[in-house]
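Trainee: Here is the input, now give the coordinates:
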Amino acid sequence: MSAKKKLAMTAAALLIGVILVEPVRAAETLKLNEVSHLHGISVDPTDPSRLYLASHHGVWLTNPGGTATRVSDNRSDCMGFTPDPARPGAFYASGHPEKGGNLGVLVSTDGAKTWKQISAGVNGPVDFHSMDVSPADPTVLYGHYGSVQVSRDSGKTWQPFRS
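Mentor: All right, here's what the predicted structure looks like:
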């Protein structure tokens, strides 16, 4: 076999290897004990044997066999994390982007894959360390950032909570 042909075959093999390996790298599947610094856990409404794990490095979904795959398209620190009980696969979160600062209030409607900011919160952008959605009225959300805040319009506007 000529040197040119060997070089071409090697280049083709490397290209195929990159194509096959890249999706695995993008998915980031780790052993469960390697997914650390968790801030929130939610049961997958479509499969109660799986959990969403909100971590210091994005949101993960557990797999059979003791692994978890990062499902979020970012590595933001999800400090506050809660499912929307009225919409399976929808979540609210708050925290820090990878490079610092605060995220405000985020929503995902596609199983924690993509996120968009819906509000900065009171004196924000906030970094809610804990959040919850009212099961009685899923348009009411609560978050804590120095004090408890409440939203009565699915996270769009916030005010200090007064009972």
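Trainee: now the helices for the chain?
Mentor: 3-27 (DSSP state H).
Trainee: From the centroid of it, which residue is nearest?
Mentor: residue 59 (3.2 Å; Cα atoms, centre = their mean).
Trainee: Pretty sure that residue sits against residue 78.
Mentor: Yes: judged on Cβ atoms under 8 Å, residue 59 makes contact with residue 78 at a distance of 6.0 Å. C-betas here are computed from N, CA, C, even on glycine.
Trainee: Between those two, which contacts overlap?
Mentor: 72, 93 (Cβ atoms under 8 Å, 6 or more residues apart in numbering).
Trainee: May I have the beta-bridge partners of the residue nearest to the centre of the chain?
Mentor: With DSSP bridges applied, residue 59 shows beta-bridge pairing to residue 54.
Trainee: residues in contact with it?
Mentor: 52, 53, 70, 71, 72, 78, 81, 91, 93, 112.
Trainee: now those residues as CSV including neighbour count?
Mentor: CSV is the format used below for the contacts of residue 59 (neighbours: other Cβ atoms under 10 Å):
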residue, neighbour count
52, 24
53, 24
70, 22
71, 19
72, 24
78, 31
81, 26
91, 26
93, 26
112, 27
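Trainee: Could you list the buried residues of stretch 108-123?
Mentor: 108, 111, 112, 115, 118, 119, 121, 122 (16 or more other Cβ atoms under 10 Å).
Trainee: among these, which two are most distant?
Mentor: Put simply, by Cβ to Cβ the two of the buried residues of stretch 108-123 set farthest apart are 111 and 122, 28.7 Å from each other.
Trainee: And for residue 90, the neighbour number?
Mentor: 19 (other Cβ atoms under 10 Å).
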